[in-house]
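Visitor: okay, predicted coordinates and the sequence, questions at the end:
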Amino acid sequence: MKTLIFSLLIFSLIGCASTKPPYAILQAPSNDISLAEVKNDDQEKFLNANVRWGGRVLKAVEVSTDRGKRLNLEILELPLDANGRPTNKEASSGRFIAQLLPPYKKSRYYRNRHVTVAGELIYYEEYPLANGKTQKIAVIDSLEQFAWYTQGNNYYSDPFYRGHFGFGHHTGFFFGKRHFYKHRHRSSGFRYKHRFKH
């Protein structure tokens, strides 16, 4: 019996470790606006646009906003591959900030970890530069995020990504977060028709 229980636990953890990124991370939005476009054009016209960007975490800071507690990820943008995963190419269009809402685990977003976020561009923040000037950088209200492993060639995240724990893909906290994200999907106007299909 002990052997059976141990085997089931190992199977459960393996299943969790192979959690596939959500649809909004794997699939770019139809307009697929790049950070370079936002920086080089009229920034105001991109407000409330849906974007999918990724890159390397520079720092993670908890902040209080008028919408409650958030985790701000300062990210150095990197090009994404066909699966929405940041590449190791040096080309970057600069920095952006992704705001994550609870629940989140700050320690998961350590420096230099690759992440991809999908959400809505909500405003621009004045960012201080070394020369004393400031630069506007985009702030994303992240509706989906995925933290990638740097080892190996697979595209799976850590075992406790988004609270999945148990047998299969729809266990643990999944249904609660599913309903929550559906609600945000309706209220924010964020459009991914198939984001909850598996």
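Guide: Great, that's in hand. Numbering: from 1, shown residues only.
Visitor: shaky segments in this protein?
Guide: Applying pLDDT under 70 to the chain flags residues 1-18, 150-198.
Visitor: this structure: helices as residue ranges?
Guide: For the chain, the helices defined by DSSP state H occupy 2-17, 23-26, 35-40, 174-188.
Visitor: number of nearby residues for Ala28?
Guide: By other C-beta atoms under 10 Å, 18 other residues sit near Ala28. Glycine gets a C-beta too; all of them are placed from N, C-alpha and C.
Visitor: skipping adjacent residues, who's closest to it in space?
Guide: Arg52 (5.1 Å; C-beta to C-beta, 6 or more residues apart in numbering).
Visitor: measure the one you found to Glu77 for me?
Guide: 11 Å (C-beta to C-beta, to the nearest Å).
Visitor: what does Gln135 give?
Guide: Gln135 is 14 Å from Glu77, by C-beta to C-beta.
Visitor: who's more crowded, the two?
Guide: Neighbour tally, Gln135 and Glu77, criterion other C-beta under 10 Å: the higher count belongs to Glu77, 22 against 13.
Visitor: tell me what the more buried one is bridged to.
Guide: In this entry, Glu77 is beta-bridged to Gly55, by DSSP bridges.
Visitor: I figured it hits Arg95, correct?
Guide: Yes - counting by C-beta atoms under 8 Å, Glu77 does reach Arg95; the two are 6.8 Å apart.
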